[in-house]
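# Below are the sequence and a predicted model; questions follow.
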Amino acid sequence: METKQPNSEFFDESQSIQVIREMIQVSQKKLKNDGVLFILWGWVMFYNYISSYVLREVVTTYQFKKGFEYFGTGLGIFSFAFTIYYLFRNNRKVTTYIGISLRYVWVSLIACLSLTNIIMFHVLQKFNVELQHPILMLFIAFAIVVTGGILRYRLLIFGGIVFGILAYTCSYLSIEWQALCEAAAWLIAFIIPGHILYAKRKS
């Protein structure tokens with residue numbers, strides 16, 4: 001009996017490791033399939049900040065400005081509608097501990113972003129946008145790095161690190177250049193990884 005116990009414990013440990021690897025693979029596969037959402041929201045946020053920079057720094061007509069604003073509003077509405085449709089159509093329920101962990105990470109991120117705005121307004125008695133951008137970007141960078149670490153995706157980890165570096169860079173910039181810097185962050189951390197992940201969905 002004594003000689004069989006270590007073998008049983010070793011088997012249980014190996015089995016646990018295998019289960020964890022399988023969960024990671026399942027979550028990675030799901031992330032590849034959902035890369036379209038990375039692409040979509042990456043472009044939405046990129047457009048939001050690049051248009052903010054253009055409208056502030058480039059002299060445009062009233063019609064051109066309104067066109068940018070209407071297109072941005074329409075893009076946001078379409079993105080929300082498509083995301084809801086995509087999730088219902090695929091009916092992908094989170095069934096692994098890793099998937100559940102990622103869901104908590106991103107839900108917590110949204111909650112922290114909201115609370116940060118509330119706290120900053122309470123302390124400063126105003127919205128300091130030049131301070132707000134870098135701080136919120138740091139939260140997003142943290143979530144991206146954690147997601148990449150859980151899924152063992154170096155591309156996401158790299159994107160999150162770059163997002164964090166650009167957040168620090170934003171603290172030295174004016175609001176106009178912060179918008180351009182944040183647009184670059186979404187391009188590097190979401191759009192490029194999203195296209196790569198979605199391209200690999202059949203592999």
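Thanks, I have the structure now.

# what's the closest non-adjacent residue to the residue positioned nearest the centre of the chain?
Closest residue to the average C-alpha location of the chain: I144 at 5.6 Å, with CA atoms, centre = their mean. Closest residue to I144 in three dimensions, ignoring its sequence neighbours and counting by CB to CB, 6 or more residues apart in numbering: G160, at 3.3 Å. (C-beta placed from N, C-alpha, C; glycine too.)

# Can you check what pLDDT the model gives V129?
V129 carries a pLDDT value of 83.

# and it, what does it touch?
For V129, the contacting residues are 175, 178, by CB atoms under 8 Å, 6 or more residues apart in numbering.

# Relative to W186, how far out is it?
17 Å (CB to CB, to the nearest Å).

# The residue nearest to I144 and L138 touch, don't they?
No. Checked against CB atoms under 8 Å, the pair G160 and L138 is beyond contact range at 10.3 Å.

# quick one, which of those two is more surrounded?
Per other CB atoms under 10 Å, whichever of G160 and L138 has more neighbours is G160, with 24 against 17.

# And that one, how far from V145?
Taking CB to CB as the criterion, G160 is separated from V145 by 3 Å.

# residues touching Y86, list them.
Y86 makes contacts with 36-37, as judged by CB under 8 Å, 6+ apart.

# mind redoing it with 7 Å?
If a contact means CB atoms under 7 Å, 6 or more residues apart in numbering, then Y86 has L37 as its contacts.

# element containing it, please.
Using DSSP states H and E, Y86 sits in helix 62-90.

# Now do the same for that helix: mean pLDDT, whole number.
If you average the pLDDT values across helix 62-90, you get 83.

# I175 and I39, how far apart?
27 Å.

# What is the neighbour count of the closest residue to C112 other than its chain neighbours?
Counting by CB to CB, 6+ apart, F139 is the residue found nearest to C112 once chain neighbours are left out, at 5.5 Å. The criterion is other CB under 10 Å. On that basis, F139 has 18 neighbouring residues.
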